[in-house]
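**Student:** for reference, the sequence and a predicted model appear below.
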Amino acid sequence: MLDGKKSLFSGMQSTGTLHLGNYLGALKNWVTLEDEYQCFYCVVDMHSITVRQEPAELRRKARALLTLYIAAGLDPEKNCLYYQSHVPAHAELSWILNCYTYMGELNRMTQFKDKASKNEENINAGLFTYPVLMAADILLFQADIVPVGDDQKQHIELTRDVAGRFNSIYGDVFTIPEPYIKKTGARIMSLQEPTKKMSKSDDNANASIYLLDDTDTIIRKFKRAVTDSDNEIRHSKDKPGISNLIEIYGVATGKSIEETEKEFEGKGYGDFKIATGEAVASMLKPIQDRYNELIKDKAYIDSIIKNNGEKASYYANKTLRKVQKKVGFPERIR
Ligand code: AQP
């Protein structure tokens, strides 16, 4: 809760081009929340360096990501869109929370295990304490909800535990956040390995639909999507490939699983894959057009980065000062 209004925080890493999972699992839902909540959406560039990045590319991707937030429909007058690295309070609160988080808790995080296994040459401390920085991100803004995909549930549980621990020592300092995860689109799977989630860091470009892919590319990737061999369009645990496509088609068209199964009864996978590709391409087209306009408007994007960074700092510092006082840091002399 901030200034008497419920608040929320979420963010994305500027590590690659956003894919359909990022959009359907998170960004698409964000756009519906701006009237009910005070919204903070961050480009989490500090999280991004837990894996090695090329500096110029990271800067370019951060700007592209913030622009994509707006292109996808987030109004920068109503939603605070900013860079994490422009608000030092994230790092400062993260340090304090490190001292209230147990190694055992961090050892259980499945994202750490997964990313560590993919980056064996660089299992750095930042990768390990990533969930603590994420807890700081959320708690700085006294977020009531955190709209994310299903894969982030465990990190939000940890945030709740750390916030609860802190509150039990020092009184009601932090709002305890709830995950906000929609049923549909919460876990979009890879088009090539449908038992794995669609992921920015997947080396196989055919496994993911990127938000800026053109129509032909999108349809081609769907045509190549891995499915089973029985050719029946039915949602079922033992048919992960086709079930994933049914879910994607459903979110892109607003149709339920049953409606989709009925619509394609007696039709083959080929027709269904093309229909899914077309539905996704027309869902993404307006976002792409808006993005291509906005990215050219340097002055406009710069003004959002500056103004929203200042607004985020204002709220973040309010929480940080309270926390610093609670833990016993000396008062600042003015
Ligand atoms: N496949 C997915 N289905 C639904 N939601 C997803 N999210 C990510 N993948 C899927 C959600 O997107 C938001 C931003 O995620 P992030 O930038 O923090 O990246 P991530 O969760 O680490 O996932 P990525 O995009 O696949 O990156 P890599 O490859 O680096 O792990 C989050 O709300 C997330 O839940």
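**Tutor:** Arrived safely, thanks for sending.
**Student:** just checking, I301 touches A64?
**Tutor:** No - I301 lies out of contact with A64 (Cβ atoms under 8 Å); the separation is 10.0 Å. Bear in mind the C-beta positions are built from the backbone N, C-alpha and C, glycine included.
**Student:** contact residues of the chain facing the ligand?
**Tutor:** Residues of the chain lying near the ligand by Cβ under 6 Å from any ligand atom: 12-13, 15, 21-22, 25-26, 148-149, 151-152, 186-188, 197-201.
**Student:** please redo it, this time with the cut-off set to 8 Å
**Tutor:** Counting by Cβ under 8 Å from any ligand atom, the chain comes close to the ligand at 10-13, 15-16, 18-22, 24-27, 44, 47, 51, 111, 114-115, 147-152, 185-190, 197-202.
**Student:** filter those down to just the buried residues.
**Tutor:** When the residues of the chain next to the ligand are checked for burial by 16 or more other Cβ atoms under 10 Å, the buried set is 10-13, 15-16, 18-22, 24-27, 44, 47, 51, 115, 147-152, 185-190, 197-200, 202.
**Student:** just those residues: which are in strands?
**Tutor:** Judged by DSSP state E, these include 10-12, 147 as members of strands.
**Student:** tell me where the stretch 51-200 of the chain has strands.
**Tutor:** For the stretch 51-200 of the chain, the strands defined by DSSP state E, counting those that start in this stretch occupy 79-83, 145-147, 178-180.
**Student:** mind listing which of the buried ones among the residues of the chain next to the ligand are in helices?
**Tutor:** Applying DSSP state H to these, the entries found in helices are 20-22, 47, 115.
**Student:** can you list those residues in TSV and add pLDDT?
**Tutor:** Below are those laid out as TSV (pLDDT from 0 to 100):
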residue	pLDDT
L20	96
G21	94
N22	94
H47	97
K115	91
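**Student:** can I get those residues in JSON lines with distance to E293?
**Tutor:** JSON lines is the format used below for those (distance: Cβ to Cβ, whole Å):
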{"residue": "L20", "distance to E293": "22"}
{"residue": "G21", "distance to E293": "25"}
{"residue": "N22", "distance to E293": "21"}
{"residue": "H47", "distance to E293": "29"}
{"residue": "K115", "distance to E293": "35"}
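**Student:** contacting residues for L2?
**Tutor:** Neighbour list for L2: 38, 141-142, 315 [criterion: Cβ atoms under 8 Å, 6 or more residues apart in numbering].
**Student:** now with 6 Å, please.
**Tutor:** If a contact means Cβ atoms under 6 Å, 6 or more residues apart in numbering, then L2 has 38, 142 as its contacts.
**Student:** over to it: give its phi and psi.
**Tutor:** Main-chain torsions, L2, degrees, to the nearest 10: phi -130, psi 130.
**Student:** if we can go back for a sec, of all the ones in strands among the buried ones among the residues of the chain next to the ligand, which two lie farthest apart?
**Tutor:** Within those, M12 and P147 form the most distant pair, 11.3 Å apart (Cβ to Cβ).
**Student:** give the closest residue to C42 in space, chain neighbours not counted.
**Tutor:** G11 (3.7 Å; Cβ to Cβ, 6 or more residues apart in numbering).
**Student:** wait, the one you found sits on V44?
**Tutor:** Yes - at 4.1 Å, G11 counts as touching V44 under the criterion of Cβ atoms under 6 Å.
**Student:** neighbours of A316, just the number please.
**Tutor:** 23 (other Cβ atoms under 10 Å).
**Student:** thought it was touching Q142?
**Tutor:** No - with contact defined as Cβ under 6 Å, A316 does not reach Q142; the gap is 10.1 Å.
**Student:** list the contacts for P147?
**Tutor:** By Cβ under 6 Å, 6+ apart, P147 lies in contact with 10, 29-30, 180.
**Student:** that one and F40, how far apart?
**Tutor:** To F40, P147 is 11 Å away according to Cβ to Cβ, to the nearest Å.
**Student:** show me where the chain has helices.
**Tutor:** Secondary structure of the chain (DSSP H): helices located at 20-22, 28-30, 45-48, 55-71, 89-98, 103-107, 110-118, 125-140, 153-170, 215-223, 240-253, 257-263, 269-294, 298-327.
**Student:** next one: the longest one to chain centre, how far?
**Tutor:** What it means is helix 298-327. Offset of helix 298-327 from its chain centre (Cα atoms, centre = their mean, to the nearest Å): 20 Å.
**Student:** how about that helix: buried residues?
**Tutor:** Under 16+ other Cβ under 10 Å, the buried positions of helix 298-327 are 301, 304-305, 308-309, 312-313, 315-317, 319-320, 323-324.
**Student:** the inter-axis angle of it versus helix 269-294?
**Tutor:** Helix 298-327 and helix 269-294 are oriented at 90 degrees to each other (axes from the mean of the first three to the mean of the last three Cα atoms, to 10 degrees).
**Student:** what's the average pLDDT for stretch 245-262?
**Tutor:** Here stretch 245-262 scores 95 as its mean pLDDT.
**Student:** please begin residue numbering at 55 from this point
**Tutor:** Understood, numbering begins at 55; the last thing we discussed is stretch 299-316.
**Student:** what's next to that stretch, contact-wise?
**Tutor:** Residues outside stretch 299-316 that contact it (Cβ under 6 Å, 6+ apart) are 78, 238-239, 288-289, 330, 333-334, 337.
**Student:** at 7 Å what do you get?
**Tutor:** Outside stretch 299-316, the residues that touch it by Cβ atoms under 7 Å, 6 or more residues apart in numbering are 74, 78, 238-239, 242, 279, 287-289, 326-327, 329-330, 333-334, 337.
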